[in-house]
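Peer 1: Take this sequence and fold it.
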Amino acid sequence: MFTEVPQDVMAVEGDDVVLICAYQGSGPTSHSIEMQWWHMRDVRLNCFLMLSVDAPHNQHMNRLSTSKNSDATKISAVKVMGSDISNYLRLSSVRREDEGLYECRVSDRSDDNTQEHKAQATLRVDFRLQGDMQVKAPRSLARHSTGGPR
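Peer 2: Numbering: from 1, shown residues only. Okay, here's the model as predicted:
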């Protein structure tokens with residue numbers, strides 16, 4: 001079960017963001033747990049932002065791992081022997097390309113049994129223009145359902 005899940009974040013372009021995920025296995029201590037961080041881009045919001053601000057939009061994928069699954073990018077993977085794992089994802093100087101859904105995926109392997117779990121958080125980035133001016137995405141575009149309770 002998750003002992004800590006990543007939380008939704010609203011950040012300003014250039015801020016550092018940390019997402020935390022921790023999991024405790026339910027089986028004996030002699031098994032393996034793998035934790036992966038994935039990023040799923042919010043295509044609807046990014047299309048709006050590309051029309052609103054002229055900035056490079058392909059640099060983000062160069063900052064992340066190249067392992068892809070449709071619109072998802074695998075960022076990192078950590079594997080441990082035991083029953084506990086915790087990891088954090090640090091995003092330095094976030095940009096609007098970093099927006100989207102971040103998912104912490106856990107594979108809990110014990111004997112012949114594998115259990116898959118996931119926890120999600122959404123990152124929204126307000127972008128900074130010149131000086132202290134900021135532009136925010138309209139509220140209707142900033143809403144995003146992760147499939148959990150509201």
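Peer 1: for the protein, what spans make up the strands?
Peer 2: Here the chain has its strands, by DSSP state E, at 2-4, 9-12, 17-24, 32-40, 68-69, 72-81, 84-91, 100-110, 113-128, 134-135.
Peer 1: Comparing these by mean pLDDT, which bottoms out?
Peer 2: If the strands of the chain are sorted by mean pLDDT, strand 68-69 sits at the bottom with a mean of 42.
Peer 1: rewinding a little: rebuild the strands of the chain as TSV, extending it with mean neighbour count.
Peer 2: Using the backbone N, CA and C atoms, a C-beta is placed for each residue, glycine as well. Below are those laid out as TSV (neighbours: other CB atoms under 10 Å):
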stretch	mean neighbour count
strand 2-4	13
strand 9-12	15
strand 17-24	18
strand 32-40	20
strand 68-69	10
strand 72-81	15
strand 84-91	16
strand 100-110	20
strand 113-128	17
strand 134-135	12
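Peer 1: Residue 21 contacts residue 6, correct?
Peer 2: Yes: between residue 21 and residue 6 a contact is recorded at 5.5 Å, counting by CB atoms under 8 Å.
Peer 1: Quick one: residues contacting residue 36.
Peer 2: 74-78, 104-107 (CB atoms under 8 Å, 6 or more residues apart in numbering).
Peer 1: on that earlier part again, pull up the overlap in contacts between residue 21 and residue 6.
Peer 2: Any residue near both residue 21 and residue 6 by CB under 8 Å, 6+ apart counts here, and that gives 89, 104, 119.
Peer 1: Quick check: of those residues, which lies closest to residue 128?
Peer 2: Nearest to residue 128 among the shared contacts of residue 21 and residue 6: residue 89, at 22.1 Å, using CB to CB.
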